[in-house]
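**Student:** Here is my input, please return the structure:
(4 chains)
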Protein chains: 2
Amino acid sequence: MTAQRRPGKSPSIEMVARQAGVSIATVSRVVNGVSKKASADTTERVRRVIAELGYRPSGAGSALRSRQSRIVALLVPGAASAYMAAVAAAVEAALRERQKVMILCDTAEDANIQDDYLLEMRAQMVRGMVMLGAVDSPVLTQFLDEGEPLVFVNRKSPGGPGGGFVGIDNLQAGADIAAYFVERERLPCAVIHADPSSSATAERLTGFRRHMKREGIKLPASAIKTYPSVDHLEIGYRGAVALLQNGRVPRSIFCASDLIAYGAHRRCRELGLAVPEDVLLFGFDDNPLNDWVAPWLDTVHVPYETFGTAVVDLLDTIWAGTQTQPAPEILLPHKMVLRA
Amino acid sequence: MTAQRRPGKSPSIEMVARQAGVSIATVSRVVNGVSKKASADTTERVRRVIAELGYRPSGAGSALRSRQSRIVALLVPGAASAYMAAVAAAVEAALRERQKVMILCDTAEDANIQDDYLLEMRAQMVRGMVMLGAVDSPVLTQFLDEGEPLVFVNRKSPGGPGGGFVGIDNLQAGADIAAYFVERERLPCAVIHADPSSSATAERLTGFRRHMKREGIKLPASAIKTYPSVDHLEIGYRGAVALLQNGRVPRSIFCASDLIAYGAHRRCRELGLAVPEDVLLFGFDDNPLNDWVAPWLDTVHVPYETFGTAVVDLLDTIWAGTQTQPAPEILLPHKMVLRA
DNA sequence: TGATATAAGGAAAACGTTTACCTAAACTTA
DNA sequence: TAAGTTTAGGTAAACGTTTTCCTTATATCA
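**Tutor:** Model prediction:
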């Protein structure tokens, strides 16, 4: 057992003040860039001492006093999935540029966990909460009501009005895919999707259907497979098992995510079906691995890398306080990626 | 422009105290489970008020006073990669059970960014810092020196002694792969790996080489390809390009990560080589997508799902204060996954 | 010149906790 | 019964900021 050495302490504002021969008020003002309150000389001197000592305002101290921490929370359902990770990385990077840090919470699509985290985040006085794939929950509705700074990503607010939104035009994307199927004469077609309670999935589907209807094409119920499971790979596999029975093979399948397409592809492989020759698989998200392990996949590229700055821009707008009447919304451009 | 509504406030300890007719000290003691300080009645009454009001101690208030927040930091190089995300998810889940939350920092393998984050985390008074793939940096060494609670994952401390470690026995795993190549008569073999400054990569490699040497097998320098790039897919591809020239085809390639194997596989596909018939590809990590999109890949399964509890157990040990003289270390079991 | 505005900066209160110290009552024990 | 001990709980001092008042000195203006 070694001598118990307590971790080092960061220098406090008081040390900086003493060292620079000014009051702590002045140091605080220099740090926070309160102009017209310190002469150029003083500012310079304080800055130098700050650099020398490696001073950084204590998160707890400033949060306590100003009721706002330097932290933003990101709540995701399932942190391990590729696209969540992509968004998380993008948001983290964008926050870093604004000198903020990110708490990551995994809600596992569970309303109770989500509520627990929401309350904890308020207790942490986070400056904002970013909801990636939010579910409907009492506290979420309450927070929306109370004007908590919320930004929804991909899936729109399931808890009533309020909050910003960052995503793509899912309706249009769905229609684009339908148009592509028609144009390439890939009919009859089928669809495999996950729980459509997510606005993203629902809108992709609606867009797809609307376009088909406009073209006078009927989608029989048997051509649309949906499963409640959380695992998209499994959904894709089971969907393909159901669709590809008795030698019936649609000319194309719209899979609502790349992972669903991966699952469907496995079944195709098992059945000896060539993709895309026998059946065209169309995914969604554009997993960065596609080029390497799924060159047979057509998909919609969602620019997750750019979601980060969009989210933070929205937060800035909200923080600025001049709430725009309609909740601020940023739609980013998607793009079809046709590999097959 | 709507009326500016400030976000709701959480109830404070003072409200709880008043409501329950006790002092705030008593409430604090109940919350923190200080026994022998409140009667069963009082405890019960306070508990009820807390539940009613939905009280949660303010993170800032308690952090400021006790010099410890409820936050643990996870520093990763590249948050978007699958295995980082897997570890992040596991750590997050394990922390949740201990009523802690996780800040996620992406260092991009950059020593300056890492240092900046380390200092910011100290300013946030985080309870511990988990380094996934740490790089050597001045502040890291300083923190190790000062006894900051650090746990290294996968890649051992590059900043001197100290800190806990969670990972697998990379030496053994490397040897296992070599043994497999020998046993299956998959010689000559080759290796593609990324920057070996990471202890994980270095040890895998060493284990592999040692076993080969023990078997009396020479690995010519030309059979070992390494590239400094950060992108493992690219590394794998370029490695395969270099290895598979002039019709020379090794019987097996040990790729130091699954992504490297994906990259190599792409080149094999381009050359019309069958995997594993013509050349066996052996990866590392066991990406969860393997079953679906890379059924040709043999790999080592690293139980990232279990890293979370291991990390938090280690933190608990460190927090308990009775520092074990040799830094605590947890080695988790790996497993070969032979699909091919 | 006197009045007034502005610049520069200090003193001190408050934010919500935790905890060392104190007190008073209720039990022991000799 | 007196002295000591335990139990239950209150008081108040930090913790490190930010910010509202002040104060003083200097510049501006009529």
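**Student:** contacts, neighbours, all on C-alpha from now
**Tutor:** Noted.
**Student:** show me what contacts the nearest residue to residue A:27 once chain neighbours are set aside?
**Tutor:** The shortest distance from residue A:27 to any non-neighbouring residue, by Cα to Cα, 6 or more residues apart in numbering or on different chains, is to residue A:17 (6.1 Å). Shown in contact with residue A:17 (Cα atoms under 8 Å, 6 or more residues apart in numbering or on different chains): A:23-24, A:26-27, A:46.
**Student:** before we move on, what SS does residue A:17 have?
**Tutor:** When classified by DSSP: H, G, I helix; E, B strand; the rest coil, residue A:17 comes out as helix.
**Student:** for residue A:83, same thing?
**Tutor:** With three-state DSSP as the basis, residue A:83 sits in helix.
**Student:** that older thread, could you pick out the buried ones from the contacts of residue A:17?
**Tutor:** Neighbour-count burial (16 or more other Cα atoms under 10 Å in any protein chain shown) is assigned, among these, to A:24, A:26-27, A:46.
**Student:** could these be laid out in TSV, adding secondary structure and pLDDT?
**Tutor:** Shown next, in TSV, are these (DSSP: H, G, I helix; E, B strand; the rest coil; pLDDT from 0 to 100):
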residue	secondary structure	pLDDT
A:24	helix	97
A:26	helix	97
A:27	helix	97
A:46	helix	97
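**Student:** so which of those residues comes closest to DNA strand D?
**Tutor:** residue A:24 (5.4 Å; Cα to the nearest atom of the strand).
**Student:** Wait, the closest one touches residue A:12, no?
**Tutor:** No. Between residue A:24 and residue A:12 there is no contact under Cα atoms under 8 Å: 9.6 Å.
**Student:** related to what we said a few turns ago, ok, of the contacts of residue A:17, which one's closest to DNA strand C?
**Tutor:** residue A:23 (3.3 Å).
**Student:** tell me the contacts of that closest one?
**Tutor:** A:14, A:17.
**Student:** pLDDT weak spots in the stretch 51-200 of chain A?
**Tutor:** Within the stretch 51-200 of chain A, no stretch has pLDDT under 70.
**Student:** Break down it into its strands, ranges please.
**Tutor:** Secondary structure of the stretch 51-200 of chain A (DSSP state E, counting those that start in this stretch): strands at A:71-76, A:101-106, A:128-132, A:150-153, A:164-168, A:189-193.
**Student:** what packs against the first one?
**Tutor:** Put plainly, it is strand A:71-76. Secondary-structure packing of strand A:71-76 (3 or more Cα pairs under 8 Å, 6 or more residues apart in numbering or on different chains; DSSP states H and E): strand A:101-106, strand A:128-132.
**Student:** on that earlier part again, using TSV, lay out the buried ones among the contacts of residue A:17 together with distance to residue A:209.
**Tutor:** Converted to TSV, the buried ones among the contacts of residue A:17 look like this (distance: Cα to Cα, whole Å):
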residue	distance to residue A:209
A:24	64
A:26	63
A:27	61
A:46	64
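**Student:** Out of the residues you listed, which comes closest to residue A:174?
**Tutor:** residue A:27 (55.1 Å; Cα to Cα).
**Student:** Hmm, residue A:13 and that closest one touching each other?
**Tutor:** Yes. With contacts counted by Cα under 8 Å, residue A:27 reaches residue A:13, the gap being 6.9 Å.
**Student:** Could you tell me which residues make contact with residue A:30?
**Tutor:** A:38, A:43, A:46-47.
**Student:** Name the nearest residue to the residue of the stretch 101-250 of chain A found nearest chain B, sequence neighbours excluded.
**Tutor:** Closest residue of the stretch 101-250 of chain A to chain B, Cα to the nearest Cα: residue A:103 (4.1 Å). Leaving aside its sequence neighbours, residue A:103 sits nearest to residue B:103 (Cα to Cα, 6+ apart; 4.1 Å).
**Student:** near DNA strand C, which residues of the stretch 51-200 of chain A show up?
**Tutor:** A:61, A:64-66 (Cα under 7 Å from any atom of the strand).
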